[in-house]
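> have a look at this fold, sequence not included:
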Ligand SMILES: O=C(CO)[C@H](O)[C@H](O)COP(=O)(O)O
C-alpha cells in the first residue's frame, strides 16, 4: 500500500470509529452512569459527550473511566466522572475492541487497559462495543494476539506457561523500550496463537493460572455491536 493510500485508509477508519461512537452515545439517557472505554474509538465517545454537554444536553450523565488515559481526556473536556465504588452497577458501558468475531466475542487490550475494561464491562447492565469494519474477523486470533496481563513477579514463568499452551509470546514494551506497565502495575504478554479453535477453553486455561491476572478474551459480554464502514453504520446483537 502506498503511503497516501495508507493515510486515506487511516482517515476512513477514524471517521468510521467516530460514526460508531456517535451512534452508541444515542443510547445514553439523562442521569445514566456510563463506563467509558479506552482507545481511539472510545475517545470519540468522550468527545461526543463533551459536545452534547456544550449544547446543554446530558449534563447529569457521569462516566467511569477504564484507564488513566480516558480519565485524563474526560477531565480535560469537562465530562464529569465518578467511580465504581460510588456506583457499583452501571447502566451502560461503551468501549472499543481490537477484533470481533461473528458471535460478538472480542479480543481487547490493545491499549493495555483490559483489566479495568473487563471490570467495568462486567459491572454494566449493557456493553456496547463500537468498531470500524476493519475489526471484524471470521475467527478470533486471526488478526490480533491475545494480551495477557501478568504480575511482574515471576512473569517469565508465565511466559513459559503460555508458550507451553502454543503461543508465540512477546512482552509488550513502552515507548522507551522498557516493559509496558498497566494502570494496575502489571506487565502485558501478547500471545499469538493464530486463529483460535476454542476461545472459551483457552480462557478457562488462562483463568486457572496464578500470576495471570486477566486476559483480553471478552466472551459472552457484548450486548450490542455498532460497526461503521463504507456501507454505513450497522447494529448487531448476539445470537
Ligand atoms: O481494548 C482496548 C484498549 O485496551 C481498545 O478498545 C482497543 O485496543 C481498540 O482500540 P482503538 O479504538 O484505538 O482501535
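Noted; the coordinates are in hand. Just so you know, these numbers come straight off a predicted model, no measurement behind them.
> so residue 127 is in contact with residue 96, correct?
No - counting by C-beta atoms under 8 Å, residue 127 does not reach residue 96; the two are 11.4 Å apart. Just so you know, the C-beta spots here come from the backbone N, C-alpha and C atoms, and that holds for glycine as well.
> list the contacts for residue 40?
Residue 40 is in contact with 14, 17, 96, counting by C-beta atoms under 8 Å, 6 or more residues apart in numbering.
> just checking: which of those also lie near the ligand?
Taking C-beta under 6 Å from any ligand atom as the test, the ligand is in contact with residue 96 out of the contacts of residue 40.
> filter the contacts of residue 40 down to the buried ones, ChimeraX style.
Command for ChimeraX that selects the buried part of these, burial taken from 16 or more other C-beta atoms under 10 Å:
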select :17,96
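> closest to residue 162 among the contacts of residue 40?
residue 96 (24.5 Å; C-beta to C-beta).
> just the pLDDT at that closest one, thanks.
Per-residue confidence (pLDDT) for residue 96: 98.
> angles on the backbone of it, please.
Phi and psi for residue 96, reported as degrees, to the nearest 10, are phi -90, psi -170.
> list the contacts for it?
Contacts of residue 96 by C-beta under 8 Å, 6+ apart are 17, 37, 38, 39, 40, 41, 42, 108, 129, 130, 131, 135.
> ditto for residue 135
For residue 135, the contact set (C-beta under 8 Å, 6+ apart) comprises 96, 97, 98, 99, 100, 143, 227.
> what lines up beside the helix or strand hosting residue 234 in the sheet?
Using DSSP states H and E, residue 234 sits in strand 232-236. When pairing is defined by DSSP bridges, strand 232-236 lines up against strand 224-229 (antiparallel).
> in stretch 76-95, which residues are buried?
Buried, per 16+ other C-beta under 10 Å, within stretch 76-95: 79, 84, 90, 91, 92, 93, 94, 95.
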